[in-house]
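A.B. asks: A structural model of the following input is requested.
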Amino acid sequence: MDVLFSVYISSISSIIATHNLQHQQYADDTQLYIAVSPTDCALSVARLESCLTDLYCWLSHNGLCLNASKSDAVLFGTQQRLRAFPHITSINIAGSLVHLSDTVTTLGVNLDQTLNLQRHVNNLCKSSYYHLCALCHIRASLPDDICLSLATGLIQSRLDYSNSVLYGTSTYNLHKLQMVQNALDRTITRSVPTSQILSNLHWLPIHKRINFKVATLTYKVVTFIISYHTITQSFSPFL
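C.D. replies: Residues are numbered from 1 along each chain as shown. Next comes the predicted model:
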């Protein structure tokens, strides 16, 4: 069903391309990107709003709806650049004003204006400690293997989800996430010394798990590109 829906709305890409904007789609979630500078800020915003108007018309004509109440807008940049940037308060989406936010959530990742990901890490730690506290209450009644499965499914999976975006993040963010993992490890192993916790569970530390995820994604991309070129060359005489 998701594939059919993606095919149904595939014309959106051509509409966005006519306005020279970048975009990303995942099912019914579409994100538009445009690079703006202080000198052409008004022109860039007008081009973005024109594209949104055309999308609204196309979606309405094809039985769909561009819901302004579920839309977010954010301006990314460094702290120095944001302070010097012309003041933008909102984006017009087919007659509805969407005020710029200082953060936006995409596929479970919270992105702030400066992309330091501190708010994302704070939210991640908060949700992880919530489930960790619940696990601590019942730890004494759980066998070790069941506790490990629950810890992996409820908490460690949260730490691993989209952790590649944390590559190059601050030491402060990595330390907060490592504290969560250490607390989780102590809950599982109980009396094991801290220095032996990660090795006993065969878990990589947070920063190494991030590096491993990036390396894995890179390997998959390179392997796909090589396979694609190999297949293309194999079939080139018949094309």
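A.B. asks: Beta-bridge partners for residue 111, please?
C.D. replies: residue 104 (DSSP bridges).
A.B. asks: mind listing what it touches?
C.D. replies: Applying CB atoms under 8 Å, 6 or more residues apart in numbering, one finds that residue 111 lies in contact with 74, 76, 103, 104, 105, 117, 120. Heads up, the C-betas are built off the backbone N, CA and C, glycines and all.
A.B. asks: if we go to 10 Å?
C.D. replies: For residue 111, the contact set (CB atoms under 10 Å, 6 or more residues apart in numbering) comprises 72, 74, 76, 103, 104, 105, 117, 119, 120, 165.
A.B. asks: what bits of this protein have low per-residue confidence?
C.D. replies: 1, 191-200, 234-239 (pLDDT under 70).
A.B. asks: Mind jotting down where the strands sit in it?
C.D. replies: Assigned by DSSP state E, the chain shows strands spanning 22-26, 29-33, 73-74, 90-93, 96-101, 103-106, 109-112.
A.B. asks: CSV for those strands, including distance to residue 81?
C.D. replies: As requested, those are exported to CSV (distance: least, CB to CB, whole Å):
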stretch, distance to residue 81
strand 22-26, 19
strand 29-33, 16
strand 73-74, 14
strand 90-93, 19
strand 96-101, 15
strand 103-106, 17
strand 109-112, 14
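A.B. asks: So which bits of the longest helix along the chain are buried?
C.D. replies: Taking DSSP state H as the criterion, the chain has its longest helix at helix 206-235. By neighbour count on 16 or more other CB atoms under 10 Å, the buried set for helix 206-235 is 206, 207, 209, 210, 213, 214.
A.B. asks: Do I have it right that residue 8 meets residue 27?
C.D. replies: No: between residue 8 and residue 27 there is no contact under CB atoms under 10 Å: 11.3 Å.
A.B. asks: what's the neighbour count on residue 156?
C.D. replies: 21 (other CB atoms under 10 Å).
A.B. asks: so where do the helices sit in this protein?
C.D. replies: Under DSSP H, the chain gives helices at 2-8, 11-18, 41-61, 79-84, 118-138, 144-151, 157-160, 171-189, 194-201, 206-235.
A.B. asks: Can I get those in TSV including distance to residue 111?
C.D. replies: Formatted as TSV, the helices of the chain follow (distance: least, CB to CB, whole Å):
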stretch	distance to residue 111
helix 2-8	24
helix 11-18	20
helix 41-61	18
helix 79-84	14
helix 118-138	7
helix 144-151	28
helix 157-160	17
helix 171-189	14
helix 194-201	29
helix 206-235	17
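A.B. asks: do you know which of the ones you listed lies nearest residue 97?
C.D. replies: helix 41-61 (10.4 Å; CB to CB).
A.B. asks: between that closest one and helix 11-18, how many degrees?
C.D. replies: 160 degrees (axes from the mean of the first three to the mean of the last three CA atoms, to 10 degrees).
A.B. asks: Check which helices and strands helix 41-61 is in contact with.
C.D. replies: Applying 3 or more CB pairs under 10 Å, 6 or more residues apart in numbering; DSSP states H and E, we find helix 41-61 packed against helix 11-18, strand 29-33, strand 73-74, strand 90-93, strand 96-101.
A.B. asks: what's in contact with that helix?
C.D. replies: For helix 41-61, the external contacting residues (CB under 10 Å, 6+ apart) are 9, 11-12, 14-21, 23, 30, 32-37, 40, 64-68, 71, 73, 75, 85-88, 90-96, 98.
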